[in-house]
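Colleague: kindly return the folded structure for what I paste below:
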Amino acid sequence: MSSPDSARLLGTEPPLASRFLFEVDGIEIGLFASVRGLAVSSQTEDVREGGQNGFVHHLPGRLEWPNIVFTRGVTQSDALFDWMNKTAGEGFAANQNKIARSTGAITAMSSEGARLRSWSLDSVFAVRWKGPDFDSSTDTLLSEELEVAHHGFRAANVAT
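Modeller: Numbering: from 1, shown residues only. This next block holds a predicted model:
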């Protein structure tokens, strides 16, 4: 017999997230409308065993973690640029030209503001920011993108 907790843990009814919080070293960078690239894949090495013609051994290899891209509407907050400036330009030079890698977190948020699920990013740093395209002939929403590199992530439960 299953309990309500086991049904939740098995994922029978997926939660709906309306936005995604990005934090770096515990500081809120901002809420984002979409997050792309939260993925991992494993390369494989094929080993052909002599005399074994029925199959090829597939061995796990190096993990690959793609960059993550965050998208949101333009805001008046400077938290994103303050963080980016620590890993580029004068902030990069002030750190003896070393990248200041941080611990990041992506948290899926419900429309009521409840934290649903979180992913902790290792050694995260900004690699690209793209601002809005300006065109007065259209009513396009002003949006921005942030792309970050990292060395992997771990999923984490959040307190309910």
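
Colleague: CA only for contacts and neighbour counts going forward, please
Modeller: Noted.

Colleague: residues touching the residue lying farthest from the centre of the chain, list them.
Modeller: Distance from the C-alpha centroid of the chain, by Cα atoms, centre = their mean, peaks at residue 51 (45.0 Å). Counting by Cα atoms under 8 Å, 6 or more residues apart in numbering, residue 51 touches no other residue.

Colleague: for it, give its distance to residue 58.
Modeller: 16 Å (Cα to Cα, to the nearest Å).

Colleague: do residue 94 as well
Modeller: Residue 94 is 46 Å from residue 58, by Cα to Cα.

Colleague: buried residues in the longest strand anywhere in the chain?
Modeller: The longest strand of the chain (DSSP state E) is strand 115-130. By neighbour count with 16 or more other Cα atoms under 10 Å, strand 115-130 contains the buried residues 115-127, 129.

Colleague: only the C-alpha atoms, please, for that strand, written as CSV.
Modeller: This file holds the C-alpha atoms of strand 115-130, laid out as CSV (Å, rounded to 0.1, in the frame of the first residue of the first chain):
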residue,chain,number,x,y,z
ARG,A,115,10.5,26.5,-3.2
LEU,A,116,9.8,23.3,-5.1
ARG,A,117,13.2,21.8,-6.0
SER,A,118,16.8,23.0,-6.0
TRP,A,119,20.0,22.3,-7.9
SER,A,120,23.4,23.3,-6.5
LEU,A,121,26.0,24.3,-9.1
ASP,A,122,29.7,23.7,-8.5
SER,A,123,32.3,26.4,-9.6
VAL,A,124,29.8,28.6,-11.4
PHE,A,125,30.8,31.7,-13.3
ALA,A,126,29.2,34.0,-15.9
VAL,A,127,30.3,33.6,-19.5
ARG,A,128,27.7,35.7,-21.4
TRP,A,129,25.0,38.3,-21.0
LYS,A,130,22.7,39.4,-23.8
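
Colleague: list the strands paired with the very next helix or strand once past it, with their directions.
Modeller: Per DSSP states H and E, strand 115-130 leads on to strand 143-149 as the next helix or strand towards the C-terminus. In the sheet, strand 143-149 lines up against strand 68-73 (antiparallel), strand 115-130 (antiparallel) (DSSP bridges).

Colleague: contacts for strand 143-149, please.
Modeller: Contacts for strand 143-149 (Cα under 8 Å, 6+ apart): 66-74, 124-132.

Colleague: any idea how far it is from the middle of the chain?
Modeller: 10 Å (Cα atoms, centre = their mean, to the nearest Å).

Colleague: stretch 80-94 too?
Modeller: Counting by Cα atoms, centre = their mean, stretch 80-94 comes out at 20 Å from the chain centroid.
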